[in-house]
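**Q** Sequence unavailable; structure follows:
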C-alpha cells in the first residue's frame, strides 16, 4: 500500500520548485522537500498543521523551542513569529512534510456539530505524534492528486474530514479555539489581518483595538497572549521579514527595502534588523547568497 512518505516524495519529485515547495491544486495543501539542512527561516506563520514524514525540523517561537521528526505534527493556531530550520535532510534521505492551512470556518462548523466545549488558550504552538486517522486522511488527499478530475468534486469533503480527525485527536483542544468566532484568538486574528496587509503604514493601536472589538488595554493584553508580541513588535517583525525577503530574493538594496516596508530612517532599519537577525542587512544578504550558491 502506498504510504504518505511515498506519496509526498512522488509529488515533490514532480512538482517542487527550486526552494523545495510543491503547491497542490487543493487550496491550503502544500508538500515540502529539502535535500540538505537549511538556514534559518524567519516568518509570521498562519494557523496550520505540518506533518513530517521524513527528516527533522526545529522551530522556535519566543522562548519556546520545538523539534519534530517523522511521525510528528506541528500545530500553529495563531499568526505568530517563528524561526525554523530543517536540521536533518540529505540527498539519500530528504526532509519531507505535508502542510495544511487550517480553515476556521470548517473548524467552526465541526466544533458545533461535535458539541465540543470551549477551552482555555494553551499556547499557539505545539508538537504531538500524528494520529493514525490524520495520516490516513492526508494520504487520501495526496492520492486524490493522481486523479485531477476528482479534485474539484472530492477535495472539500476530504479536507473537512482531515479537520475532523485533527479536532478528534491529540491536537483537538488546541484547534478548537479557532472554532469560536468571538473568541479572543479570533478577535486578535481580525487585527492581525489588518497588520499583514497594511504593515508598511502607521497603524494606531486604537484602530487595531476597534477592529478586534476591544479596548486598547484589553487588546494589548490579549494580542500578546495570542501572538507572544505587542502589536508594535508584531508590525516591526512583519516589516523586517518582508525587507529581508526583498533583499535576499529580489536583490533590493538595504535602503530601498527599508523604505518599501515603511521605515523612514535607514540607520534605524539597520539597527533593528541587526537586533532581529543578529547581522547587518548587507552581511545577511551576502551570507544568504553564498548559502544559495552552495546548495
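**A** Yes, it's here. The structure displayed is predicted, hence computed values, not measured ones.
**Q** where does the stretch 101-250 of the chain dip in pLDDT?
**A** Residues of the stretch 101-250 of the chain that meet the criterion pLDDT under 70 lie in 117-122, 181.
**Q** Can you show me the helices along it?
**A** For the stretch 101-250 of the chain, applying DSSP state H, counting those that start in this stretch gives helices covering 104-114, 132-144, 151-168, 172-176, 184-198, 205-212, 216-227, 231-250.
**Q** Of those, give the one that comes closest to residue 10.
**A** Residue 10 lies closest to helix 132-144 among those, at 8.4 Å (Cβ to Cβ). (C-beta placed from N, C-alpha, C; glycine too.)
**Q** What is that closest one packed up against?
**A** The contact analysis (3 or more Cβ pairs under 8 Å, 6 or more residues apart in numbering; DSSP states H and E) places helix 132-144 against helix 4-15, strand 48-54, strand 95-101, helix 151-168.
**Q** Any buried residues in the longest one, and which?
**A** Judged by neighbour count using 16 or more other Cβ atoms under 10 Å, the buried positions of helix 151-168 are 151, 155, 158, 159, 161, 162, 163, 164, 165, 166, 167.
**Q** Ok, stretch 15-23 next?
**A** In terms of neighbour count (16+ other Cβ under 10 Å), stretch 15-23 has its buried residues at 16, 20, 22.
**Q** what do you get for stretch 77-86?
**A** Neighbour-count burial for stretch 77-86 flags 77, 78, 79, 80, 81, 82, 83, 84, 86 (criterion: 16+ other Cβ under 10 Å).
**Q** With respect to residue 46, which of those residues is nearest?
**A** Of the buried residues of stretch 77-86, the one sitting nearest to residue 46 (Cβ to Cβ) turns out to be residue 79, at 5.8 Å.
**Q** With adjacent residues omitted, what lies nearest to the closest one?
**A** Of all residues not flanking residue 79 in the chain, residue 192 sits nearest, at 4.5 Å (Cβ to Cβ, 6 or more residues apart in numbering).
**Q** Kindly provide the distance from residue 83 to residue 226.
**A** 18 Å (Cβ to Cβ, to the nearest Å).
**Q** one step back: for the buried residues of helix 151-168, give me JSON lines that also has distance to residue 138.
**A** Below are the buried residues of helix 151-168 laid out as JSON lines (distance: Cβ to Cβ, whole Å):
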{"residue": "151", "distance to residue 138": "15"}
{"residue": "155", "distance to residue 138": "13"}
{"residue": "158", "distance to residue 138": "9"}
{"residue": "159", "distance to residue 138": "10"}
{"residue": "161", "distance to residue 138": "10"}
{"residue": "162", "distance to residue 138": "6"}
{"residue": "163", "distance to residue 138": "12"}
{"residue": "164", "distance to residue 138": "13"}
{"residue": "165", "distance to residue 138": "9"}
{"residue": "166", "distance to residue 138": "10"}
{"residue": "167", "distance to residue 138": "15"}
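**Q** so who does the residue most central in space within the chain touch?
**A** Residue closest to the average C-alpha location in the chain (Cα atoms, centre = their mean): residue 45, at 3.0 Å. Applying Cβ atoms under 8 Å, 6 or more residues apart in numbering to residue 45 gives the contacts 76, 79, 80, 81, 82.
**Q** count of neighbours near residue 132?
**A** Using other Cβ atoms under 10 Å, residue 132 has 10 other residues around it.
**Q** Give me the phi and psi for residue 73.
**A** Dihedral angles of residue 73 (phi, psi; degrees, to the nearest 10) stand at phi -130, psi 140.
**Q** And the pLDDT for it?
**A** We have a pLDDT of 96 for residue 73.
**Q** Pretty sure it sits against residue 134.
**A** Yes - the criterion here is Cβ atoms under 8 Å, and residue 73 meets it with residue 134 at 7.0 Å.
**Q** joint contacts of these two?
**A** Counting by Cβ under 8 Å, 6+ apart, the residues touching both residue 73 and residue 134 are 49, 51.
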